[in-house]
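Novice: my questions concern the predicted model and sequence given below.
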Protein chains: 2
Amino acid sequence: MVVEHDLTEDDVDRIFHALADRTRRDVLGRAIGREQSVSALARQYDMSFAAVQKHVAVLERAGLVVKEPRGREQIVHANGPTITQAVALLDQYEQLWIDRANQIATILHTEKE
Amino acid sequence: MVVEHDLTEDDVDRIFHALADRTRRDVLGRAIGREQSVSALARQYDMSFAAVQKHVAVLERAGLVVKEPRGREQIVHANGPTITQAVALLDQYEQLWIDRANQIATILHTEKE
DNA sequence: CTAACCTACAACCATATGGTTGTAGAACAC
DNA sequence: GTGTTCTACAACCATATGGTTGTAGGTTAG
């Protein structure tokens, strides 16, 4: 299995910030469904091309998406590994929570004896 | 199993925005590890009490944390279910990605025949 | 070649964000 | 009662964010 390189706190900031906007989440979803150009994406939103271009740039800086030049177009691909890393991050918090809940349950159980 | 009520897009915005700041992620981690007052949390950071108070408020609006009044203190508890919902959200994107990757693999396999 | 298309990027604007200090009230300690 | 602690909240400031329009360059179509 390939070792994923560790994310810096800045990386994590960028990932969650990128996901904290509904337009960007929608762009990511569409990019996962079908790779498409920035202008093809832009046509699907009620905002300027430049605005969508900026959203794509935010997703790109977060590593959630990759742009591949194709002639005059830039094809936007979703970047699976980063999504997986984001899931792993949240899983850590959930696991902390579960561990803590178990710990408390154990203490309660001990005190009952 | 209890039905988790659906998150609005605003809810999701708030959750990811709350997670997009390292101080808030750290506060959440500490709150998971041990429930503590806002001032106890504030003492652990090199910023004003008011600043930490605002970060806790952001986590609270996102539902990641709950404040319980205890005398003159407000005890900050982590809220597990919201963390679980956040994981589920990201899992959806990851699953979309996996489904898409499988679909592409299938097409490639078909074309090879 | 010329026109249309796709992208990049700058400039600008309103609002949000993350920090500060200061004021004020409620609860506890003595 | 008095002073200290904990919290809430307002006001303020610098910067970031999400949107706009406009300009300019590279690519494709006719």
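Specialist: Okay, I see it. Numbers count the residues shown, from 1 in each chain, chains lettered A, B, ... in the order given.

Novice: what are the ranges of the strands in chain A?
Specialist: Applying DSSP state E to chain A gives strands spanning A:36-37, A:65-70, A:73-78.

Novice: count of residues packed around A:Arg40?
Specialist: Residue A:40: Ala, not Arg. For A:Ala40, the neighbour count with other C-beta atoms under 10 Å in any protein chain shown is 14. All C-beta atoms are positioned from the backbone trio N, CA, C, and that covers glycine.

Novice: per-residue confidence for it?
Specialist: For A:Ala40, the model assigns a pLDDT of 97.

Novice: residues from chain A in reach of DNA strand C?
Specialist: Within reach of DNA strand C by C-beta under 7 Å from any atom of the strand, chain A has these residues: A:Ser37, A:Val38, A:Ser39, A:Ala40, A:Ala42, A:Phe49, A:Ala50, A:Gln53, A:Lys67, A:Arg72, A:Glu73, A:Gln74.

Novice: what residues are up against the closest residue to DNA strand C within chain A?
Specialist: In chain A, the residue that lies nearest DNA strand C is A:Ser39 (2.8 Å; C-beta to the nearest atom of the strand). By C-beta atoms under 8 Å, 6 or more residues apart in numbering or on different chains, the contact set of A:Ser39 is A:Phe49, A:Glu73.

Novice: so where's chain A uncertain?
Specialist: A:1-4, A:111-113 (pLDDT under 70).

Novice: all the helices of it, residue numbers only.
Specialist: A:9-19, A:22-33, A:38-42, A:49-61, A:80-112 (DSSP state H).

Novice: what pairs with the nearest residue to A:Glu60 once chain neighbours are set aside across the strands?
Specialist: Counting by C-beta to C-beta, 6 or more residues apart in numbering or on different chains, A:Lys67 is the residue found nearest to A:Glu60 once chain neighbours are left out, at 6.0 Å. With DSSP bridges applied, A:Lys67 shows beta-bridge pairing to A:Val76.
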